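Visitor: structure for the following, please:
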Amino acid sequence: FDVYSQNWHYTITNWLPFYWEGFKQTTRYTYRLPDISDESKIWDGLRENIRTDIRKAENRFNLEVRTDLGITTFWKLFAKTYARQGKPLPHTEEFIVNLDKKASLAKSRKIFIAIDSKGQHHAGAYLVWDQNSAYYLMGGGDPTLRNSGASSLCLWEAIRFARRVTKSFDFEGSMIESVERFFRAFGAIQTQYSFVTKK
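Guide: Sure, this is the predicted structure:
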């Protein structure tokens, strides 16, 4: 290889043989709900601001979370998030569409998009899963509609759905302080994983 750069699964803790071969390691963090079997327990574990956001999205903004709007609608919300932050997109639309085709073929993905009565798309969450865990792979939102609580509502609906198909929920953690704070507020447990590289 020319460059090796990989986020390891949190269960892989021994990178010592890689160290011997000149690899570098950085500890990163994700947030997990290790057991999503009891919905009421998960709800009780949410911080009050997340519960308030969910209620606000449902009751004040009358948002509905739909799962039939597809990758193109999600992509637009994903792109808007990076545009608001002034950051380049981490993936091309072609890459995301191709990933979605593969995940759809495997019947292991669902897209959650919060929409209001005017047809405005507030936020979206992209979920994939296997037999052990669901993963919040990507999210996005319209920056002009950020105060509706839609992101919290989408994630809550994603967690509720994940209970039907797998055992745990992984927020695919972030080292960005504001994102970390948001994930932690869902009652998730901080979990270390290794980022291993070699050039």
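Visitor: for the rest of this, base every contact and every neighbour count on C-alpha atoms.
Guide: Will do.
Visitor: who touches Ile42 in this structure?
Guide: 36, 187 (Cα atoms under 8 Å, 6 or more residues apart in numbering).
Visitor: in three-state terms, label it for me.
Guide: helix (DSSP: H, G, I helix; E, B strand; the rest coil).
Visitor: gap between it and Ala150?
Guide: Distance of Ile42 to Ala150, computed by Cα to Cα, to the nearest Å: 18 Å.
Visitor: can you check His91 too?
Guide: With distances taken as Cα to Cα, His91 is found 23 Å from Ala150.
Visitor: partner residues bridging Ser133?
Guide: Counting by DSSP bridges, Ser133 is bridged to Ser168.
Visitor: that one - how many residues pack around it?
Guide: 21 (other Cα atoms under 10 Å).
Visitor: go on, the one 5 residues further on?
Guide: Using other Cα under 10 Å as the criterion, Met138 is surrounded by 16 other residues.
Visitor: okay, it and Arg60: tell me how far apart.
Guide: Separation of Met138 from Arg60 (Cα to Cα): 26 Å.
Visitor: how about Leu77?
Guide: For Leu77, the distance to Arg60 (Cα to Cα) stands at 22 Å.
Visitor: that older thread, so if I had to pick from His91 and Ala150, which one is more boxed in?
Guide: Shown here are His91 and Ala150; by other Cα under 10 Å, Ala150 has more neighbours (32 against 9).
Visitor: dump the residue contacts of that one.
Guide: Ala150 touches 53-54, 57, 63, 114, 122-124, counting by Cα under 8 Å, 6+ apart.
Visitor: what do you get if the cut-off is 6 Å, keeping everything else the same?
Guide: Counting by Cα atoms under 6 Å, 6 or more residues apart in numbering, Ala150 touches 57, 114, 123.
Visitor: turn these into CSV, columns for secondary structure and distance to Ile176.
Guide: Shown next, in CSV, are the contacts of Ala150 (DSSP: H, G, I helix; E, B strand; the rest coil; distance: Cα to Cα, whole Å):
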residue, secondary structure, distance to Ile176
Ala57, helix, 24
Ala114, strand, 24
Ala123, strand, 19
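Visitor: among those residues, which one is most surrounded by other residues?
Guide: For these, neighbours tallied by other Cα under 10 Å; top is Ala123, 31 neighbours.
Visitor: pLDDT score assigned to that residue?
Guide: Model confidence at Ala123, given as pLDDT, is 98.
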